[in-house]
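Participant: output the structure for:
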Amino acid sequence: MKSSPMTIGQVADHFGLPTHVLRHWESMGLLFPARVEGGRRRYTRDDLVRVASVVRLKQAGLPLPDIGEFLASIHTAAHKDVLRRNRRVLQTRMAALQSALDLLEAGLNCSHEDITTCPNYRAHLAELVDVQEAER
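Facilitator: As a prediction, the model looks like this:
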């Protein structure tokens, strides 16, 4: 990675992002690149660390306001509250995705002609079926 400041185009290329995303993040107060003649942005290594943080936190499912809260509180204990809150949300999403993957695996491993009659497949749906019946 370059040690000299990078342009917005270079940063966008480096992270595989459109430049308008970097501008949007800046407008939301997530990024603060220096400005040079003509108002052109220049990103330092510290700016790249912030961009990388936003990219990873977005991949983890954090909404931009939470990312902003995290970055604003990074030098305080409050940043851990943001991470804890979002960890719970991510763990819930991961459990739901694992359940969906298990259902697909059950379907792929089923030898029944009608998959809906397969006991293994039905076992993966039992929790949803039981909840729906309980709500009636």
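
Participant: contacts, neighbours, all on C-alpha from now
Facilitator: Will do.

Participant: the residue of the chain most remote from its centre in helix, strand or coil?
Facilitator: Distance to the chain centre peaks in the chain at residue 113, reaching 38.4 Å (criterion: CA atoms, centre = their mean). Secondary structure state of residue 113, per DSSP: H, G, I helix; E, B strand; the rest coil, is coil.

Participant: and if you look at residue 98?
Facilitator: helix.

Participant: what about it, neighbour count?
Facilitator: For residue 98, the tally of surrounding residues (other CA atoms under 10 Å) stands at 12.

Participant: contacting residues for it?
Facilitator: Neighbouring residues of residue 98 by CA atoms under 8 Å, 6 or more residues apart in numbering: there are none.

Participant: okay, it: pLDDT?
Facilitator: Looking at residue 98, its pLDDT reads 93.

Participant: what separation do you get for it and residue 108?
Facilitator: Distance, residue 98 to residue 108, using CA to CA, to the nearest Å: 15 Å.

Participant: residues of stretch 113-127 that come out buried?
Facilitator: 120, 121, 122, 124 (16 or more other CA atoms under 10 Å).

Participant: only the buried residues of whichever strand or helix holds residue 105, if you could.
Facilitator: In the assignment (DSSP states H and E), residue 105 maps to helix 78-108. The neighbour-count check on helix 78-108 (16+ other CA under 10 Å) flags 79, 82, 83, 86, 103, 106, 107 as buried.

Participant: who's in contact with the closest residue to the last one other than its chain neighbours?
Facilitator: If I follow you right, that is residue 107. Nearest residue to residue 107 in three dimensions, chain neighbours excluded: residue 121, at 6.1 Å (CA to CA, 6 or more residues apart in numbering). Each residue near residue 121 by CA under 8 Å, 6+ apart is listed here: 103, 106, 107, 110, 115.

Participant: what is the burial count for the fourth one?
Facilitator: Taking other CA under 10 Å as the neighbour definition, residue 110 ends up with a count of 17.

Participant: quick one: secondary structure of it?
Facilitator: Looking at residue 110 with three-state DSSP, the answer is coil.
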